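A.B. asks: Can you look at this prediction? I've put the sequence above it.
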Amino acid sequence: FVCHIGPKYAIMSSLMSLMDSSSSIISALVDLNGGANFNSVYDFWDSVINLVLTFVAVAFLQQSLFGLGILWLVIDVASAVVYVCTVGRKGFLKPFFEDTRSHFSFLQSRASLTLLSLILQTSLPHTLAGVASDLEFRVLSVMAAELGAAEAATWILLSYVWSSMECGLDSFSSAAATQVNSLLTKGDIVTARRASRKARAFALLYGTSVALIVYATKDPIANVLTSDYTLQSMLVDCITFACVGAPFAAIGGMSEEMNKEQGRYRTSMAISWCCSLIVTIPVATVMTFGFRCSVAAIVSAVVMGSTTDGMLQTVLLVYSNFHSASNSLQEHANDDL
């Protein structure tokens, strides 16, 4: 069955990734033109609608994995069309299409080439961080498959639970980090520090609340995701470990976004890479190939890595020099003028 459906689902997954990448490019342009708040609201409701439709498809329509893939692809396409039409009507993309000829002749200027190089240097850490996260998930998926078919299925089902737990905080983290960046660019360091503290407190509260809710409803969640008793039992154990790490992952994710907005791309990326390569993957490898533990051990390795990453990202943010970051952002803003 896996051999039969694998190639089809791989093609569908590639199409979904292409749609997400295209939407991310447009979303970044909207952010640059002052549409960060709009993006946050849109992403939140998009995630909620996606989650509700997925729940309906699984709980009531009994859709297969391939059926869910088709549903998600249709949702991605519809969401992209609605998003582009909405931002176009609101005028967020208008500045990027004015004086198009000068945009296409930018390579004739040495200053433009320097700016392009700076953009690539800034975007590279983001790309590497995304690659690291994706590779970690793939490697851990191989380890789960090594333990058995039931463990591999449980790992995939758990990824849905993890995505649901994180969807609400992602948009808020991006908006809060953008707001702190704006305050630092204006030189309002006191307000930026206060906003940073409140955002971290909200992230901790959100992570704790979500963890308690998911833990209290872990049995119904497992029953909705699968009707197999063995998978239900394994999924409940994995959800317990995931809930333990949720508060630390939430505050760490918030701190990571703010570190990046302050220009600490390389440091933040290095922390994420080190936690993945030194903590998560080695612990999971020992648990899988050394002790032949259950898939819950792999989840615990992820919790260890994400907790370590969150702690280090938070320490980096707490002890960061807001004055230096503000001066650096103001210098870049003046250079742009």
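C.D. replies: That came through, no problem. The model shown is predicted, which means the values in this text are computed figures rather than measured ones.
A.B. asks: Spit out the contact partners of residue 92.
C.D. replies: Residues counted as contacts of residue 92 (C-beta atoms under 8 Å, 6 or more residues apart in numbering) are 29, 30, 33, 34, 35, 38. C-beta here means a position set from N, CA and C on the backbone, and glycine is covered the same way.
A.B. asks: so the third one sits right up against residue 93, yeah?
C.D. replies: Yes: between residue 33 and residue 93 there is a contact at 7.4 Å, judged by C-beta atoms under 8 Å.
A.B. asks: Show me the shaky parts of the stretch 151-300 of the chain.
C.D. replies: Within the stretch 151-300 of the chain, not a single segment meets pLDDT under 70.
A.B. asks: Report the spatially nearest residue to the residue nearest to the spatial centre of the chain, omitting neighbours in sequence.
C.D. replies: The centroid of the chain falls nearest to residue 170 when counting by C-alpha atoms, centre = their mean (6.3 Å). Nearest residue to residue 170 in three dimensions, chain neighbours excluded: residue 43, at 7.0 Å (C-beta to C-beta, 6 or more residues apart in numbering).
A.B. asks: do the same with residue 275
C.D. replies: residue 309 (4.0 Å).
A.B. asks: sec struct for that neighbour, please.
C.D. replies: helix (DSSP: H, G, I helix; E, B strand; the rest coil).
A.B. asks: same thing with residue 330?
C.D. replies: From three-state DSSP, the assignment for residue 330 is helix.
A.B. asks: Could you pull up the residues touching it?
C.D. replies: Taking C-beta under 8 Å, 6+ apart, one finds 185, 187 in contact with residue 330.
A.B. asks: distance of it from residue 90?
C.D. replies: Distance of residue 330 to residue 90, computed by C-beta to C-beta, to the nearest Å: 28 Å.
A.B. asks: about what we covered before: let me know the helix or strand that the residue nearest to the centre of the chain is in.
C.D. replies: helix 149-186 (DSSP states H and E).
A.B. asks: which of the residues in the helix or strand where residue 76 lies are buried?
C.D. replies: For residue 76, the host element (DSSP H and E) is helix 65-90. Judged by neighbour count using 16 or more other C-beta atoms under 10 Å, the buried positions of helix 65-90 are 68, 69, 71, 72, 75, 76, 79, 80, 83, 87.
A.B. asks: Thought residue 46 was touching the fourth one, still the case?
C.D. replies: No: counting by C-beta under 8 Å, residue 72 sits too far from residue 46 to count as a contact (12.0 Å).
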